[in-house]
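Peer 1: Below are the sequence and a predicted model for it; my questions follow.
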Amino acid sequence: MTVKRIAFVQELLKFMGLEGRLHLEWISSAEAQKYVDVVTKFTEKIRNMGPNPLRAINEMKKAG
Amino acid sequence: MTNSIAEFEHDSKAIFVIGSNTTACHPLIASRIIQAKENGAKLIVADPRNIQLARLADLSVNHRLGSDVALLNGMMHVIIQNQWHHPDYIADRCEDFDAFKAVIDMYTPDRVSDITGVAPKDIIRMAELYSQNAPAALLYAMGITQHTTGVDNVKSCCNLAMLCGNVGVKGGGINPLRGQNNVQGACDMGGLPNVFTGYQPVSDPGANKKFSDAWGVELSSTPGLTITDMIEAIDQKKIKAMYIIGENPKLSDPDWNHLNHALKKLEFLLVQDIFLSETAQSADVIFASAALGERDGTFTNTERRCMRARKAQDPVGNTLPDWQIISRLSSAMGYAMDYDSAETIFDEITGLTEKSYGGMTYERLGINGLQWPCPNPDHPGTPYLHKETFARGKGKFHAIEYKDPAELACGEYPFLLTTGRMFAHFHTGTMTRVSRHLDVEQKTGYVEIHPDDAMTIKIKSNDPVLLTSRRGQMEVSARITTDVMPGNLFLPIHFGENPTNILTSSNAFDPLAKIPEFKVGAVRIERLIQ
Amino acid sequence: MDMVKAAKELLLQDKVDIFLGYRKLDGHQIPHGFTKAHVDDLDQLEISLNRYPLEKIACDLAQKDPALKIGILARDCSQRALNLLYTWDQLNPENIETLTVNCCPSPLSTHGDCSYLTPKPTGDYKKAHGVDYNDSPKDFLANHDSGERLSRWMYEFQKCIKCYGCRNVCPVCFCKECSLEHPNLVEPGVLPAEVPIFHLIRATHMAGRCIDCGLCEDACPAHIPLRMLYREVNDAVSDIFGYVPGDHIEKSPFSIIGKTVELTPAPMDV
Amino acid sequence: MDKCIACGLCAEKCPKKVDDEYNEGLGKRKAIYVPYSQAVPLKYAIDDTICLKLTKDRCGICEKTCPSGAINFADQAKEKTLNVGSIILAMGFESFDPSGIDSLGFGQHPDIVTSMGFERILSATGPFGGHLCLPSDKDHEKAPKKIAWLQCVGSRDQNRCSNAYCSSVCCMYAVKQAVMAREHSHDPLDCAIFYMDMRTHGKDFDRYMEGAKKNGVRFIQSRVHSVVPRLDHQGIEMRFIDPDGTIQTENFDIVVLSTGLQISAACVDLANTMNIELDHGNFVKTDSFNPVSTSVPGIYACGVFTGPKDIPQSVMEASSAAAAATEYISSARHTLTKEIVIPQERDTEYELPKIGVFVCNCGTNIGGVIDVPDVVAYARTLPGVTYAEENLFTCSQDTQDKMAQVIKENHLNRVVVAACSPKTHEPLFRQTLINAGLNKHLLEMANIRNHDSWVHAKEPARATQKAKHLVRMAVSKSMLLNSLFETQLPVTQSALVVGGGIAGMTAALSLARQGFPVSLVEREQNLGGNARKLFHTYMDEDIPVQVKTMIHQVNDHPMIHTYLGAVIEHLDGFVGNFNTTLATSESKVTIDHGVAILATGAVEAKPDEYLYGNHDAVMTHLEFDSLLRKNDPMLDGAEDIAFIQCVGSREEAHPYCSKVCCTHSIHSAVEVKKRNPNANVYIFYRDIRTYGKRELIYKQARDMGILFFRYDLNSKPRVTPSGTGVTIRILDHILKMPVSIDVDILCLASRIEARDNQALAQAFKITCDSDGWMLEAHQKLRPVDFATDGVFLCGMAHYPKPIDESIAQAKAAASRAITTLARSSISVGGVVSRVNEQLCSGCQGCIEVCPYNAIQMNEKKHVVSINAALCKGCGACAAACPSEALTLEGFNNEQIYAQIKSAMGA
């Protein structure tokens, strides 16, 4: 169910121009290293993508 | 409104919205504005708050509360300086231009900027957008009128429209957006102290005779009192009994304390409403009236369109349509009214209001209604006014100087409070707060405060705060938002538990129109320790 | 007229207790429930292009009286809506009789489209800054980079005046409590409706549910191209799960846990 | 031992280091140590052979370091006498030590490791922290590019060692290691497995192997000749003969020796002491019909001690041994139990939240990194918190008592424990709340150890900050906690067993012998199932005779009621309270039962190839067994007999191994050869899968001159009629030439096929996998349970298996069933979902997503309802509900949002 929902929401976010900001990974409690790798990699990736564009839009009260 | 709603979408090349939070208060007019925008019209928004429409505007400015005259004068200054005005139109159709220009000449962008807080370049750009995209429609609402300078503000709007030849033009005009669905109709029907239907003055002997003859009684030729005056009169025991129909002054009139004090002095209060409003709760007798959908009748909306409202079901319980209640009361008091239907009344109205309603019948109103003036049965109605000439003949330019609002921020009351509507509720909430969906949207009152100010007084979102004005004190929770400018607060008017009129002043009103200054007042805000 | 006769028959033969259609009243065409007691009202039955989610009225009626037999004037979109409502057990197909009207003379009708919605005019400003009503989701995705997609949709969402018209008119919105009114999900009391979460939540709820009738877009006073948004949502569902809501009476992929669809999470692309 | 709280300070300070045997010598441990990180109980022990204090009376630093005074050098091994009714031996195995085999080079190069060693390398708790690197690289950085696995090291080998048996598990673990190594590796990794026969006969194992092949793991059929570390230190050279017969040389970075399983000398000694009979491989001697019984009554064995086997089989046998052991002493059940006294629970519903926060130092586990006093001070400032304190060890018994006291004195009504994982300690702290008179669900934990101090040991300041965040989140959630209540439902203490084959009968007998009434349902008119048609087991036990005995036992047992010719028509209820309607040809019966065991078995598929059905000489196993049973004259006339393996198995349509056929064919071949030594017997196979002790009859068959021809899926044998016999043509894989053989009888090792269990699955709310086998709750750890509580499985309904395994599984199912049956009531409620009927639209999306079938539709109200007895509190329904009508108690949206909001708004 989760993978279905995530796959869908990823598509939706892509359509909205917000791709890459949602990621799903299964990590068991025994896979500490994988957890660290995934979280580090994802954090790095999001950091490289720059600040959340939605924040800018919601603070932008005036157009043009 | 001089013009029609549909024109904004199809005909206007520029739309200037000032003192109107259109998406929240007139959403379907806002819909037209959005559509106009998407069809290529320029949109200019001037409002002390960051309203939603500002996000879509080509240019939006936040001028200081109460600085409308200065802003408009500043725009006109720029227009005249740049020869963007319409000298032919002015020469042909208007008068008193020179005196007006003399005042305008003094409102340089720099000076206006000092008063309004709007950058000179924005003033210039506003002037350009408005004057260089014809026809341009000017829209305003209570943000213009609810001031001590309300009449001045309106006149300034008119000046601007005339200056650019925008009056009497399809897609242009001066368009005050009415606050209720039928406030136009109520005024048309003489719901004012000084006129009969169709603005025929009670003091005009011809009109007075016409109505006296029609109704078989001699009518007074002295104008009555405005609400503001009435409260004073009650206070002075000049008025002892009051009959209130479909209004909730306990929440809508200024200075709650003063009003309550006065209402207590009444010997008899009769309220007629569909809900048990705050005012009805203190009545001696209540007449329960039928609601929309339970009665026939007409409404005349903001674009002067008179439309039929049809009964869909019988009134609930023993409620009656207002016209039947009034008829019975009148009959009981000795003046027999025996109308058999709303249509009979409408026919009497059209017969006595020849110039504007004379050509209307229920049959002609059909689905879409008719816009007055519609003087005879063949007249198609009038989408926009002042087409060839102004109603009064020449369009009069008024030379208007900027005046400060009655209260300014000071050491003791460092914040300026403005009031208004929010999108989920209507007026005093009698009708909307009983809707589950709208209640979910906003359950109770709040005060909007800028994040910088919130930081200064150390409050977080939803923290309770205490508001104090020269009239009274009120507790309310804070909503932190950049929708208001630093130094300003905004309080919605819908919530009886946080009545804005505890804070607003009844002494500050427009000298002519007597409209209270709901839009500016000085207050203090303090954090309430939990 | 055949349709009037057929509807009268349904009522007179007690095949249905109520027949939902449109009636002309004072020049308005409004939804109306015709009953056996007033069977001659059916002479005023209107089969114009007017649309209203009659299925939604049917749901309300069925909720009050689950045994009520309901007849419905059904177009292509109504049929899809009904299928969807059967799927989600909001209506019992055994209690529903439809009289089909072909409102879609266009060849597109077989694709579940409705020619009544002739291409909508899209203003220049909107074309430049917003989303064209008539663009296809795939073209939109192909022709705009992600920053532009974002800004265009945010422009559209910022127009929202939170009238809830899209939800209220939607024939397949049947929840008793709506997530859009949940203060933990969408900030209440502000305009525009919280950007973009309000519309994304609704889009998510439309996944595997929207039957593309276009009523929401017709209803939207802010001219947000909702139909295109939900089309994309359905395209995604169809691409990922091969499911087209309203096509048949079958469960949505979001309500089935089993192995119907094998998916693995997409790898993280850096 | 009671005092040790496993803080690890002692081991940190201990100066003495030795090779860590747990990590196969690849790492070091101290003289005071925990054998491995998941050890239970988690207590430190002193190795008295190397401890400086104990050997030389020096050092003693651990005693000074220990914060809880748990070190006792004077502790001595003590002898204890226990009086017991039965004994279970589960002593496991030791891995074969390949040091003695020169040609494999073990010990000559660090990069030649045993499979156990490699397992440690891949493990996160292993010597390199789960980082795949060359053991020879001191920095543990250099990653291997090529790894080889050598199968059958210490198994199927009487030359280099004396382990003639197959170790059963090595093929599968080698494939697993290869797949995992590739997953661990950042760069492309070449993995090659050198094998004789790939024995991946377990459930879903073949699929896994095919997946590995597809993903590029190489499988090379070859017995490796020699493994030589290269002199130039460029890896390890391997020489082998490829399937074409060519000698090849290939270099690898790591060579893994897939070492077999064997029984340790200590185990052999113990068995001898107990007079337990062992077989040639030193495994406990058992028979197929009593797979967990030793030769001594009352002593049972399970796991590898009775023969090589994998985890699921070991787990099954363990339950099975438990059943056998309790059968023996069932009259003593409940004779030693004690009642617990619980204080009256306080009603806190109308109290304002008074939150107590207990922050644990966990010795230095937390306190060594996180500034605990700072966290406590911070906790005091949080809204709702009226009490906060610091504990050295929150989980210690005295702290527990103190906590209960504090809760009572301060009238706390919410408790937040900031310590370790709720997984291990939540039950303990819940008990503390119970002891303090609070509802046990008014507890919230913040895991500041596993989630914080352990992972951020190098950043103490930020770890403290994070601890504050975690505490704040827990506090904000705890504010919204409610008391949750459980109710008791009575259990119907009887069982339903579906299927009257060997498995079903075994389960029924086991339950009945332990005093529980059983209803045994069989669809046919007689008991026995497939077993009635079989001949002998591979151990030469006469199956029909044994089955007859079993049927008698069932029929004679007063606690078993057998329904023949009956099918399940309808089933209601849930664990402890099932209600089943059976239909026989004459009547319908309704049975109340607390549990159900499904043992519906499987069937032999009818082949659709090799002339089956078109030629009298071609038959299946069951048909051939019938000839053997009846001493059919057809056998006497047969001079040439052939068997074809994998008929319909391990193919695209049926990608599983039928598991029993290799042994069956070989056993039949041997039987033929015994009866007629001159007969020519041929077996056409793909991999011979005579796992475990079965390997011995494979050897016997070869010794007797039975001929084996390997074929692969691309070149299956072709069979054509030739008179009364048939001709088989095949490409010989050694000669590379077509061979044609005329035979009188061709026996096809036909696939074993699952029955159509759809109706049953629907009734019992269980699932079947894509091959039709019933799906157990967990393939390794819960092999006889279903996800649905109170329903168990055994026998071939689960997967094809021989009689001994069926019986073991049947006893295991009985054993698991008794965990429910032995109780008079079950608790229901607590962390379960709840329906708000006002909000439910009756769309039933939740019903579809509930993996436990705990949600029903109430057609009358058009809303759903939750069966708290079935709900496991997974929350899938709450997530699926579009209108938030469903709430998971203890994890409701408000609580989760409160936590998130608290996390975001620092």
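Peer 2: Cool, got the structure.
Peer 1: use CA for all of it now, contacts and neighbours both
Peer 2: Noted.
Peer 1: How many neighbouring residues does residue B:393 have?
Peer 2: 12 (other Cα atoms under 10 Å in any protein chain shown).
Peer 1: can you check residue D:162 too?
Peer 2: Neighbours of residue D:162 using other Cα under 10 Å come to 13.
Peer 1: Also residue D:249?
Peer 2: Residue D:249: 13 surrounding residues under other Cα under 10 Å.
Peer 1: what's the answer for residue B:483, then?
Peer 2: Neighbourhood size, residue B:483 [other Cα under 10 Å]: 23.
Peer 1: correct me, but it touches residue B:451?
Peer 2: No: assessed by Cα atoms under 8 Å, residue B:483 is found out of contact with residue B:451, at 9.8 Å.
Peer 1: thought residue D:387 was touching residue D:356?
Peer 2: Yes: between residue D:387 and residue D:356 there is a contact under Cα under 8 Å: 4.6 Å.
Peer 1: the more surrounded of these two?
Peer 2: When residue D:387 and residue D:356 are compared for neighbours, residue D:356 comes out ahead with 28 against 20, by other Cα under 10 Å.
Peer 1: which stretches of the chain have low pLDDT?
Peer 2: All of this is about chain A. A:30, A:58-64 (pLDDT under 70).
Peer 1: The chain in question should be chain C.
Peer 2: C:1, C:48-49, C:102-118, C:254-262, C:270.
Peer 1: how's it carved up into domains?
Peer 2: By the record's domain assignment, chain C is partitioned as C:2-109, C:117-253 (automatic domain parsing).
Peer 1: And for chain B?
Peer 2: Domain segmentation of chain B under automatic domain parsing yields B:5-177, B:183-371, B:415-527.
Peer 1: Please enumerate the strands of chain C.
Peer 2: C:18-25, C:28-35, C:45-46, C:70-74, C:96-100 (DSSP state E).
Peer 1: Comparing these, which stretch has the densest surroundings?
Peer 2: strand C:70-74 (a mean of 24; mean count of other Cα atoms under 10 Å in any protein chain shown).
Peer 1: Can I get it in PDB? Just the C-alpha atoms.
Peer 2: Taking Å, rounded to 0.1, in the frame of the first residue of the first chain, the C-alpha atoms of strand C:70-74 are listed here in PDB:
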ATOM      1  CA  ILE C  70     -33.900   5.300  -7.900                       C
ATOM      2  CA  GLY C  71     -34.100   6.000 -11.500                       C
ATOM      3  CA  ILE C  72     -31.500   8.400 -13.000                       C
ATOM      4  CA  LEU C  73     -31.200  10.200 -16.200                       C
ATOM      5  CA  ALA C  74     -27.600   9.200 -17.100                       C
END
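Peer 1: coming back round to it: kindly reformat the domains of chain B as JSON lines containing distance to residue D:426.
Peer 2: JSON lines is the format used below for these (distance: least, Cα to Cα, whole Å):
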{"stretch": "domain B:5-177", "distance to residue D:426": "50"}
{"stretch": "domain B:183-371", "distance to residue D:426": "54"}
{"stretch": "domain B:415-527", "distance to residue D:426": "35"}
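Peer 1: Let me know which of the ones you listed is tucked in deepest.
Peer 2: domain B:5-177 (a mean of 22).
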